[in-house]
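A.B. asks: the sequence isn't on hand, but the structure is:
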């Protein structure tokens, strides 16, 4: 910890180590609710709770930052109530850092009847049918009430699978909305507003957006509009193009990415922060994540499998329970979901810790090779896109 | 297993059970309860969350209705259910049915008894039943029983048949136990049947007591179709036939006022499905079980104005979903901005860390954590109630506790 007397934002990033081969880096982020060691995976606690896990369990797992969703929390219980509870931290009693999204993504993805205008996103509430307009100012207003350590700007989200003038319009609008969000932030000294780079899968638009947004003095940047079903080949090229132009002294958050392979590859491409509902959602459907892929524990083949999910895992689930036990109780006891959720969060966080350690110890490329070989052995080779993406940052897979 | 009764007050037995089974150090105090589980694991809870609960019962209940479908798995596993469940040191009591899930009537025969699991009905002969027990390897288990008599119009003939069958099943179980090395150290609890027929209850108790059982299970009181008076009369009649040095466990009784009535009739052990049922309806136990009440509160209780949590419930709300006056409904809108803990003087993990407003939000949004936090609180509160009950017995203040509980019951229209 140094002395940071003249900071204009509530965030300090210290680059701890950089991989001499790839773009990977290990940083320490100082945030209002404690340090965050990157690369970091942030579990998603949509409605002010992490899916059956207590805040003590989440802390014990080593989680330093998790997400809340502005759209959901803004609807229920609403920003006024959370404000009265001393923000989302107080409401859910979480002592460490929180990141909230802008609410825009959910509106476009969850609600069919939404309409985007220059003013904001207009939609009909699924709870009472009332028409609501989410402007950049209102999004920040809600996020100010939530009191998250990192807030996201409202952006104009378009599907990553479309192209044409709508993508360009969304990119320009996202820049204008960023300015409105910066202006609306009432707590810049304790709430960090991140910009979101848009531009679809068009390199020119991405570059233009990067150029404009990096002119603004925001504490961090997110790479948005990806991970929406686009070709992986396009995905990684947009990621690497973005990190090339992002400032070294600010965090880079790749939104909506959480598959193990994607995490490792995108760390190599220079990203620091990730979030995804996948590890916790898939847990509730019975799938446990392991270094060689995943196990669908509801499947009959695990009924008599008395090993832990991963014999090398140190989590509370693996230390005590077997695959067969979780299989047996899955239908009758929600604890089965909690056991897998704990394991999956532990898996994600451990993976990122190992990634970080290898970067610090200057052996990240070797880590990537052994990770990939474990994940894909006996599966008919590596995915083409990952091989290419890694090669682009000088990591060759044999 | 050894039961020491240290004190008997007005029929209430205070004592402790030692040498519980595989874990020689643990003691189960009576009157007390055993830990309710779903498929062997506490509902909603992992070991970490379970361990936050104080005064955990020393004995865990598992049920054949949830374990029967895993017989092959347990047989392959060999080391018994406790190890399989990840709690190798816990003392297991294996009962037939899940006390929180009523079973359909009309499936018991002279030769078989059925249980219902997630995959449907499983029919068991005594040998299948004992094979299952050998796979589960419980420290205690309930003998096979035909308890299908709790319907309202069960004929005297049917009741008699259930007593006869249950005795035959018991003899079969005891015989088969001798041949099973896995069950050498397990203790058998004989089951007293007889529905609402006094003579049959007495006969069942007398005959069961003649057999070499370690304890007794009182079955057939779970459906609450009989009057309180009749129930007390039947239980007292049964108790008169049972030896003093063996524990008596009653099935299907969970409400704190009912528990107290049974304790006064001489019952030692209860299940803890009640806090689970309260959890499942989105409620938190809120009754006051402290019998050392300050004078001010005492006046309020006399005037039927009990603590705010209970008194707050209006009678119409109490009627919904079998809610009792011992709990508060956290789904109620009035809690949406209530930043106090569920109970002010509660030391459970939930009350130390979270507010009513947060639990309300979790319930309204159907979040899994609501079940976790309410289960922690409700178990914690329920186990605290039993501790207070024993303390009151010890101090000779059971009447105070009873008055206090009855005062809280008065608000419940189902009981008045």
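C.D. replies: Yep, it's here. Because the structure is a prediction, the values reported are computed rather than measured.
A.B. asks: what about residue 60, how many neighbours?
C.D. replies: Defaulting to chain A. As a burial measure, residue A:60 scores 15 neighbours (other CB atoms under 10 Å in any protein chain shown). Yep, even glycine has a C-beta here, placed from its N, CA and C like the rest.
A.B. asks: hmm, I had chain B in mind actually
C.D. replies: Close neighbours of residue B:60, defined as other CB under 10 Å, add up to 25.
A.B. asks: can I see the domain layout of chain B?
C.D. replies: Chain B breaks down by automatic domain parsing into domains covering B:2-272, B:283-415.
A.B. asks: can I get the ones you listed in a markdown table including distance to residue A:176?
C.D. replies: Formatted as a markdown table, the domains of chain B follow (distance: least, CB to CB, whole Å):
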| stretch | distance to residue A:176 |
| --- | --- |
| domain B:2-272 | 47 |
| domain B:283-415 | 33 |
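A.B. asks: show me what contacts residue B:5?
C.D. replies: Neighbouring residues of residue B:5 by CB atoms under 8 Å, 6 or more residues apart in numbering or on different chains: B:13, B:14, B:15, B:244, B:245.
A.B. asks: ok, of the domains of chain B, where does mean pLDDT dip lowest?
C.D. replies: Here the domains of chain B differ in mean pLDDT, and the lowest is domain B:283-415 at a mean of 82.
A.B. asks: next one: the closest residue to residue B:63 other than its chain neighbours from residue B:118, what distance?
C.D. replies: In space, and not counting its chain neighbours, residue B:63 is closest to residue B:98: 4.7 Å by CB to CB, 6 or more residues apart in numbering or on different chains. Residue B:98 sits 11 Å away from residue B:118, going by CB to CB, to the nearest Å.
A.B. asks: between these two, which contacts overlap?
C.D. replies: residue B:66.
A.B. asks: distance of residue A:73 from chain B?
C.D. replies: For residue A:73, the distance to chain B (CB to the nearest CB, to the nearest Å) stands at 9 Å.
A.B. asks: quick one: secondary structure of residue B:111?
C.D. replies: coil (DSSP: H, G, I helix; E, B strand; the rest coil).
A.B. asks: burial count for the closest residue to it other than its chain neighbours?
C.D. replies: Leaving aside its chain neighbours, residue B:111 sits nearest to residue B:125 (5.8 Å; criterion: CB to CB, 6+ apart). If you count neighbours by other CB under 10 Å, residue B:125 ends up with 15.
A.B. asks: just the buried residues of stretch A:340-357, please?
C.D. replies: For stretch A:340-357, a neighbour-count test (16 or more other CB atoms under 10 Å in any protein chain shown) marks A:340-352, A:355-356 as buried.
A.B. asks: my guess is the residue nearest to residue B:111 meets residue B:109, correct?
C.D. replies: No - the criterion here is CB atoms under 8 Å, and residue B:125 misses it with residue B:109 at 9.5 Å.
A.B. asks: one step back: which of residue B:98 and residue B:118 has more neighbours?
C.D. replies: More crowded of residue B:98 and residue B:118, by other CB under 10 Å: residue B:98, with 25 against 14.
A.B. asks: the more buried one contacts residue B:66, doesn't it?
C.D. replies: Yes - with contact defined as CB under 8 Å, residue B:98 reaches residue B:66; the gap is 6.2 Å.
A.B. asks: okay, and the common contacts of these two?
C.D. replies: Here residue B:98 and residue B:66 share the contacting residues residue B:38, scored by CB under 8 Å, 6+ apart.
A.B. asks: ok, now which ones touch the residue in the stretch 101-250 of chain B that chain A sits nearest to?
C.D. replies: Closest to chain A within the stretch 101-250 of chain B is residue B:118: 4.3 Å, counting by CB to the nearest CB. Counting by CB under 8 Å, 6+ apart, residue B:118 touches A:331, A:332, B:66, B:69.
A.B. asks: most neighbours, which of the residues you listed?
C.D. replies: Counting neighbours by other CB under 10 Å, residue B:66 comes out on top of the contacts of residue B:118 with 25 neighbours.
A.B. asks: list the beta-bridge partners for the nearest residue to residue A:271 once chain neighbours are set aside.
C.D. replies: Spatial nearest neighbour of residue A:271, excluding adjacent residues (CB to CB, 6+ apart): residue A:254 at 4.3 Å. Beta-bridge pairing for residue A:254 (DSSP bridges): residue A:223, residue A:274.
A.B. asks: give me the neighbour count for residue A:254.
C.D. replies: Count around residue A:254 with other CB under 10 Å applied: 28.
A.B. asks: go ahead and flag the most central residue of the chain.
C.D. replies: I'll assume chain A. residue A:275 (1.6 Å; CA atoms, centre = their mean).
A.B. asks: meant chain B, my bad for not saying
C.D. replies: Geometric middle of chain B (CA atoms, centre = their mean) lands on residue B:271, at 1.3 Å.
A.B. asks: ok, now which ones touch it?
C.D. replies: B:33, B:34, B:36, B:61, B:95, B:99, B:249, B:251, B:252, B:253, B:254.
A.B. asks: those also near chain A: which ones?
C.D. replies: Counting by CB under 8 Å from any CB of the partner chain, the subset of the contacts of residue B:271 that neighbours chain A is empty.
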